[in-house]
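S.K.: any chance you could fold what I've pasted below:
(one chain, ligands or ions: 1)
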Amino acid sequence: MHTRRIGDVRVGSVGLGAMPMSIEGRPDESRSLATLHAALDAGVTLIDTADAYHLGADEVGHNETLIAKALASHDRGGDVLVATKGGHLRPGDGSWTLDGSPGHLKRACEASLRRLGVEAIGLYQFHRPDPRVPYADSVGAVRELLDEGKIRMAGISNAGPEQIREAGEILGGRLVSVQNQFSPAFRSSEPELRLCGELGIAFLPYSPFGGIARAGELAAQHVPFARIARAHGASAHQVCLAWMLARSPVVVPIPGASRPESVRDSAGAAGLVLSAGEIAELDAA
Ligand SMILES: NC(=O)c1ccc[n+]([C@@H]2O[C@H](COP(=O)([O-])OP(=O)(O)OC[C@H]3O[C@@H](n4cnc5c(N)ncnc54)[C@H](OP(=O)(O)O)[C@@H]3O)[C@@H](O)[C@H]2O)c1
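M.R.: Purely as a prediction, here's the structure:
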């Protein structure tokens, strides 16, 4: 698979979002492990997770534990950059709550380290700004984790342009990635994508197909993507990812999956080349 850069690490240009394997509608463990192994077999070397990808309040880190198990049982497990996050919580009633306090982020990182079974987390991302906590305090905690060597690289998520600049300053130029929602139907993070390009920071589009509930409607909802897919003998999902990759060399999409077939299809997008005319048409679609 073609590679792209996140900080000082090269990863396959199409990553994997592991969230669907741990939240509502998740499959059994054997299918999840098969899905993760299919990703490794296809050349995926970036797996996105979070401590909050779980269902019950008593299973924080379900997704991280699953990933650790999959990596330990595959000979390419050591090649993977695991990108986890802290700052969200799931109390078990289906809701997502926030705690961006430095104390919580420090404790959450320690717990993620234990679950992933590593001495330092490859990429640790502050999941979402917490309006009750100054952004500088949350990102300051991430800086301390970097300084202590608990995390190798730092990223942020759900951040606007001002927050990206602020985080870059607080981290002393060590911000390597921004993870924001971006899909054919949701393009309002264009300014952040452009800013990441200017700053040379990786941009990880999340929910690239519109999210778990809408991913199946991609071809029906976005006709130009489906038409261009037919012309290439590809899937609309592959065209969607190829279009994102063509937007900027800093883009590394993290499509979610809970089936091996999905990851294999998405990984195929890394080698799909769209013409300038097709890209312009999809930009305008
Ligand atoms: N930072 C944040 O706040 C945040 C928020 C949301 C998500 N995320 C991250 O971003 C990742 C991706 O977002 P998402 O999972 O919400 O939504 P998504 O990637 O837009 O859609 C995921 C769904 O797409 C389906 N799919 C994947 N590849 C496919 C293909 N090639 N053809 C057809 N269907 C395909 C999968 O189906 P199957 O399940 O059947 O395989 C999966 O359930 C998450 O897993 C998570 O890691 C981050």
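S.K.: which residue ranges form the strands in the chain?
M.R.: 3-6, 9-12, 16-17, 46-48, 81-86, 88-89, 97-98, 121-126, 151-157, 175-181, 202-206 (DSSP state E).
S.K.: which elements pack onto the third one?
M.R.: In this structure, strand 16-17 packs against strand 46-48, with contacts taken as 3 or more CB pairs under 8 Å, 6 or more residues apart in numbering; DSSP states H and E. Where you see a C-beta, it was placed from the backbone N, CA and C, and this is true even at glycine.
S.K.: can you tell me if the strand it packs on touches the ligand.
M.R.: Yes. Against the ligand, strand 46-48 shows contacts by CB under 6 Å from any ligand atom at Asp48.
S.K.: so what are the sheet partners of that strand and their directions?
M.R.: Sheet pairing for strand 46-48, assigned by DSSP bridges, gives strand 16-17 (parallel), strand 81-86 (parallel).
S.K.: hmm, who's touching the longest one?
M.R.: The contact list for strand 81-86, computed with CB atoms under 8 Å, 6 or more residues apart in numbering, reads 6, 9, 11, 15, 45-52, 64, 67, 71, 104-105, 108-109, 112, 116, 118, 121-127, 155, 157, 177, 179, 204.
S.K.: with mean neighbour count and distance to Ala280 added, can I get the strands of the chain in TSV?
M.R.: Formatted as TSV, these follow (neighbours: other CB atoms under 10 Å; distance: least, CB to CB, whole Å):
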stretch	mean neighbour count	distance to Ala280
strand 3-6	18	22
strand 9-12	20	26
strand 16-17	28	28
strand 46-48	28	28
strand 81-86	27	31
strand 88-89	20	37
strand 97-98	14	39
strand 121-126	25	32
strand 151-157	24	29
strand 175-181	24	23
strand 202-206	25	19
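S.K.: okay if I get the ones you listed as CSV plus mean pLDDT?
M.R.: Compiled in CSV, the strands of the chain are given as follows (pLDDT from 0 to 100):
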stretch, mean pLDDT
strand 3-6, 98
strand 9-12, 98
strand 16-17, 98
strand 46-48, 98
strand 81-86, 98
strand 88-89, 98
strand 97-98, 98
strand 121-126, 98
strand 151-157, 98
strand 175-181, 98
strand 202-206, 98
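S.K.: rewinding a little: and Ile164, which of the strands paired with strand 46-48 is closest to it?
M.R.: Shortest distance between Ile164 and the strands paired with strand 46-48, using CB to CB, is found for strand 81-86: 16.0 Å.
S.K.: now the angle from that closest one to strand 175-181?
M.R.: For strand 81-86 against strand 175-181, the angle by axes from the mean of the first three to the mean of the last three CA atoms, to 10 degrees is 70 degrees.
S.K.: contact partners for Glu281?
M.R.: Taking CB under 8 Å, 6+ apart, we find Glu281 in contact with 224, 228.
S.K.: of all the strands paired with strand 46-48, which lies closest to the ligand?
M.R.: strand 16-17 (2.3 Å; CB to the nearest ligand atom).
S.K.: give me every residue in the stretch 151-285 of the chain lying close to the ligand.
M.R.: Contacts of the stretch 151-285 of the chain with the ligand, taken as CB under 6 Å from any ligand atom, map to 157-158, 179, 206-212, 215, 235, 237, 254-259, 262, 265-266.
S.K.: so Ser258 touches Ser32, yeah?
M.R.: Yes. The criterion here is CB atoms under 8 Å, and Ser258 meets it with Ser32 at 6.8 Å.
S.K.: which non-adjacent residue is nearest the residue in the stretch 51-200 of the chain positioned nearest to the ligand?
M.R.: Residue of the stretch 51-200 of the chain nearest the ligand, by CB to the nearest ligand atom: Ser157 (3.9 Å). Spatial nearest neighbour of Ser157, chain neighbours left out: Gln179 (4.0 Å); criterion: CB to CB, 6 or more residues apart in numbering.
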